[in-house]
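> The following block contains a protein sequence and its predicted model.
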Amino acid sequence: MCGRLNVHDNEGIRVLLELMGMNTWPSRNRRFNVAPTQSLDVVRYDDGITLDVMSWGVSMTIKGAKGQPITRRVPNARDDKVWSSYLWRNLIPKQRVLIPVNGFYEWKRENKKLIQAYYITPSDGAAMFFAGIFSLPKDSKPEVTIVTTAANDSMSQVHNRMPVILSSRNEAMAWIQEADKDSLSQLMQPASNDTLVFTPVSDYVNKSSNEGPGCIQTVVPPSS
């Protein structure tokens, strides 16, 4: 799963977008702790590459305890469910985007107890693209979810899932342009073990309302 993002380095994002042929990245407020329901900039292909703003988390209506409908926001979509789940199967064929980020956070747990937060960044460059699927609700702005896959060996030391990372321009362009199911499924694979760097950070990031550089303050992890 991926439940918190970091988009604080405008220059890093700009360089990443230049690889896609985009020469613009509006200056944004530095965001160290982006949580579901907040806005994300995404790269979309619609007769050319565009930069759009979407709300993180696709809405899903379920029955509550008393039978009343409850709307939940789903921030992640499992790669093994996107072609079969009613929530994603009508979206993935044509409604895919790239989500540029500087990094994300994940928490290592033992016996369901939080042990250590990690800030996870690309080993090559200052930013990376996640694969996303978007929805177009009638009465609200577009919504986006991050596609996740099984963790690679490195990531599995922290969590059993990881975002689908599109590590090259060809992979990124294929994700937003490709129409073939088999080709898209091939892109939804764990990244290689050397793709990411794991930095232990303070528990300041644990609270979603906390912002600023304190979210990526390095700490010494507890000994195992």
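Good, I have the coordinates. Numbering: from 1, shown residues only.
> what stretches of this structure score poorly on pLDDT?
Where the chain drops to pLDDT under 70, the residues are 223-224.
> Where is the longest strand in it?
Looking across the chain with DSSP state E, the single longest strand is strand 113-122.
> Does that strand pack against any helices or strands, and if so which?
In terms of contacts (3 or more Cβ pairs under 8 Å, 6 or more residues apart in numbering; DSSP states H and E), strand 113-122 is packed against strand 103-110, strand 196-201. All C-beta atoms are positioned from the backbone trio N, CA, C, and that covers glycine.
> what does that strand rub up against?
6, 102-109, 128, 155, 158, 165, 195-203, 205-206, 215-216, 221-222 (Cβ atoms under 8 Å, 6 or more residues apart in numbering).
> ok, the helix or strand following that strand: who's next to it in the sheet?
Next along the chain after strand 113-122, taking DSSP states H and E as the criterion, comes strand 128-135. Paired with strand 128-135 in the same sheet, following DSSP bridges, are strand 96-101 (antiparallel), strand 143-150 (antiparallel), strand 165-166 (antiparallel).
> Most tightly packed of these?
Highest mean neighbour count among the strands paired with strand 128-135 (mean count of other Cβ atoms under 10 Å): strand 96-101, with a mean of 26.
> Convert it to PDB, retaining C-alpha atoms only.
Below are the C-alpha coordinates for strand 96-101, written out as PDB (Å, rounded to 0.1, in the frame of the first residue of the first chain):
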ATOM      1  CA  ARG A  96      -4.400   6.000 -16.800                       C
ATOM      2  CA  VAL A  97      -2.000   8.700 -15.600                       C
ATOM      3  CA  LEU A  98       1.500   9.200 -14.300                       C
ATOM      4  CA  ILE A  99       1.900  10.600 -10.700                       C
ATOM      5  CA  PRO A 100       5.200  12.400 -10.300                       C
ATOM      6  CA  VAL A 101       6.600  12.300  -6.700                       C
END
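> How about the contacts made by the most centrally placed residue in the chain?
The centre of the chain sits closest to residue 146, judged by Cα atoms, centre = their mean, with a distance of 4.4 Å. For residue 146, the contact set (Cβ under 8 Å, 6+ apart) comprises 2, 56, 75, 76, 77, 99, 130, 131, 132, 163, 164.
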